[in-house]
Each structure stands twice: as structure tokens, then as C-alpha cells.
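[1] Here you go, sequence then predicted model.
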Amino acid sequence: MNSRCVLLPLSVLLLSGCASLTGYLGRRPFAHGPYYHTWSRHSVPDSAVIAHLPIQFDIIAAELPPDGARMLEPLLSAMNGYLDGAGWSTRLDSAPSPPDEAPWAYVGTSTSLAGVEAARHFFSVDVAMETGAEMVIQAKQPSRRWRAQLAAIAAAQHADYVLVISLGAAEYYPRSRRFPSLRMAVDLGTGNTVPVSWLTNSDVPVPVIHLMGLLLSRDGRVLRAGAEGLVVKEPNFLLSAFLHAQNPLTEGDVASLLASRHREDIEGQPLAWEVALRNLVRQLLGKP
């Protein structure tokens, strides 16, 4: 893959240096999925009380055009109902505020990450200076105010750990599959590699819808984070090869994911998004 370089003004680089001292957790690259990383060693006992906040749109999804967020609303609602009734965790009675001081995590391409962080003046020097064609994970801690509120809410419900999950869009890089297959593939997550056209340009990321999750201690520290992809848009060869452009997700793609996209490789053929949410929770808790 060809490496890419992003040149940023000195003032932006100085901002990145300051930001890295206020809760930034180091970037980690991936050669392939699943996409998880632990920043603080821990072990979640079977007796632990797990709580969760309602699933929300992530930072990138919140900045999509209105029709993009609208497309995902039915899926978000279905996921919250499923999580609340699954019995893995208890929904917290209230959420800390403000939302923009909550913990944040990212899984996707390193080039997209640099753009997101530059727009928010919050990124690390290594991301600013070097953005190659790779998949990465990155996270930041919540503010002290947000953490203090979460600690009080969690204590009131006797929670030991808290799950923070978001739904949104991202970009993943395809990779070559082993010979003799000529097809490319996209690692969406745990046990979920989806083939795409062999004509796909490996330097051009493909759009996906995914779930991002963080496991927090009872006092709000980020312990572990990761993601599970739900659906990938089959690349358009002409757009990918000649224009280095994507084939965008549509409302039909989201509707199919919600109602009819099943994991046929799993007994009972459950809905793909249910499997992804279950895998996300298990992975975050260290019980895959």
C-alpha cells in the first residue's frame, strides 16, 4: 500500500502536543481484525455488576448529513431495545454530561482518523506526521467532570464496570485473501470477514456501518475499546480504481441490515447486527 503524508501547520501540531497530555490514549495499528485494544490491565470477574449507557451515535455519525443520521435511527432504536433486554448488563438510570466530554474511541483508517482529530484539535503528533494506509484504534479519557458524574451514578446502582457503545459509519481497508482466491476481503470483526470484488483497490477504504464500544471502570477510566462492523458497501470498480472514490451506503443498505441481513454461518442464522452487538460486549468484557 502507498503511504500518505498529511502536512499540518505548526500551530496545529502544537495543539496536538497539548491535547496528548489531557486524556489521549495512544494509537494502535492492526494488520487484521478483530479490532480491540486494552489500555489498562484488568480482569472482569463473573460476579461483577455490569452497567451500560444507552447506545448513541458516535462522533462521525453525528456529523453526517441529516439523512445519514435519519437512516440509522431505526437500527439505533432496535439495538437499544435488544441491549436493554439481553441481560448482560443493566441500563444506568441517567447519563453524565456534557456529551462532548464523554470518552471517545475510534476504529478505522489512519487517514480518516487524522482528519477527524485535526478538525477537533485533538490528536497525537504521530497521527499528524504519519498517516499510512492501515487500520488503527484510538481512544481518549473522559473529562474529570464527566468521570465524577459517572462514578456517582454507577455507585448508586452498585455497578463495577460501565459499557459505552456507539453506532456510526467508518472506513475500513480491504485486504488480499490468500491464494488461490483472487477476491479481496474486509475484516469486519470477530469471526466476520466479508469478501469483496477482486478488482477492489486496496488503497481505497470502503464505507462500513459499525458499533464502537468502550469498557470503563466504575470511576470512568477507559480500560478497553474495540469495534464490530455490521455491513460493508461493495466497492464500485470504476470509482475505486480510477477516481479513488467510494460507493456510498444507502437507506436500502441500512434497511437490509435491520430486517434481513443474517449470519448464515452461525447456527440459527441470527441477525447480523445482533451477533455484532453480542460479540462487542463479550470482547469488551474479555469473554469472547
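    In hand now; what should we look at?
[2] pretty sure residue 150 is in a strand, no?
    No - remark: residue 150 does not belong to a strand; assigned using DSSP: H, G, I helix; E, B strand; the rest coil, it is helix.
[3] Just to check, it is in contact with residue 164?
    No - when contacts are counted by C-beta atoms under 8 Å, residue 150 is not listed as touching residue 164 (9.2 Å). Just so you know, the C-beta spots here come from the backbone N, C-alpha and C atoms, and that holds for glycine as well.
[4] If you count surrounding residues, which of these two has more?
    When residue 150 and residue 164 are compared on other C-beta atoms under 10 Å, the one with more neighbours turns out to be residue 150, at 28 against 25.
[5] per-residue pLDDT, that one?
    Reading off the per-residue confidence, residue 150 sits at a pLDDT of 98.
[6] quick one: contacts for it?
    Shown in contact with residue 150 (C-beta atoms under 8 Å, 6 or more residues apart in numbering): 96, 142, 162, 216, 219-220.
[7] any idea how far residue 218 is from it?
    Distance of residue 150 to residue 218, computed by C-beta to C-beta, to the nearest Å: 8 Å.
[8] who touches both of these two?
    Common contact partners of residue 150 and residue 218 (C-beta under 8 Å, 6+ apart): residue 162.
[9] Any figure for the gap between residue 51 and residue 90?
    Spatial separation of residue 51 from residue 90 under the definition C-beta to C-beta is 5 Å.
[10] which of those two has more neighbours?
    When neighbours are counted by other C-beta under 10 Å, residue 51 comes out ahead of the other of residue 51 and residue 90, with 21 against 15.
[11] shared neighbours of residue 150 and residue 164, anything?
    Where contact means C-beta under 8 Å, 6+ apart, the residues bridging residue 150 and residue 164 through contact with each are residue 216.
[12] what sits in contact with each of residue 51 and residue 90?
    Any residue near both residue 51 and residue 90 by C-beta under 8 Å, 6+ apart counts here, and that gives 157, 159.
[13] Need the per-residue pLDDT for residue 107.
    Reading off the per-residue confidence, residue 107 sits at a pLDDT of 93.
[14] Now do the SS call for it.
    Secondary structure assignment for residue 107 (three-state DSSP): strand.
[15] Specify the beta-bridge partners of it.
    Residues found in beta-bridge contact with residue 107 (criterion: DSSP bridges) are residue 137.
[16] re the thing from before, just flag the most distant two among the contacts of residue 150.
    Between any two of those, the greatest separation by C-beta to C-beta is 11.8 Å, found for 96 and 219.
[17] In terms of neighbours, single out the busier of the two.
    The residue with more neighbours, out of residue 96 and residue 219, is residue 96; 24 against 12, by other C-beta under 10 Å.
[18] Residue 218 versus that one, what's the distance?
    To residue 218, residue 96 is 13 Å away according to C-beta to C-beta.
[19] One more: residue 143?
    Distance of residue 143 to residue 218, computed by C-beta to C-beta: 17 Å.
[20] Show me the helices in the stretch 101-250 of the chain, by range?
    For the stretch 101-250 of the chain, the helices defined by DSSP state H, counting those that start in this stretch cover 110-120, 125-129, 144-156, 237-242.
[21] Quick one: mean pLDDT over the first one.
    To tie it back to what came earlier, the one meant is helix 110-120. Mean pLDDT, helix 110-120: 60.
[22] Give me the residue ranges of the stretch 151-288 of the chain where confidence is low.
    Flagging of the stretch 151-288 of the chain using pLDDT under 70 yields the residue ranges 177-182, 197-203, 234-251, 253-258, 260, 288.
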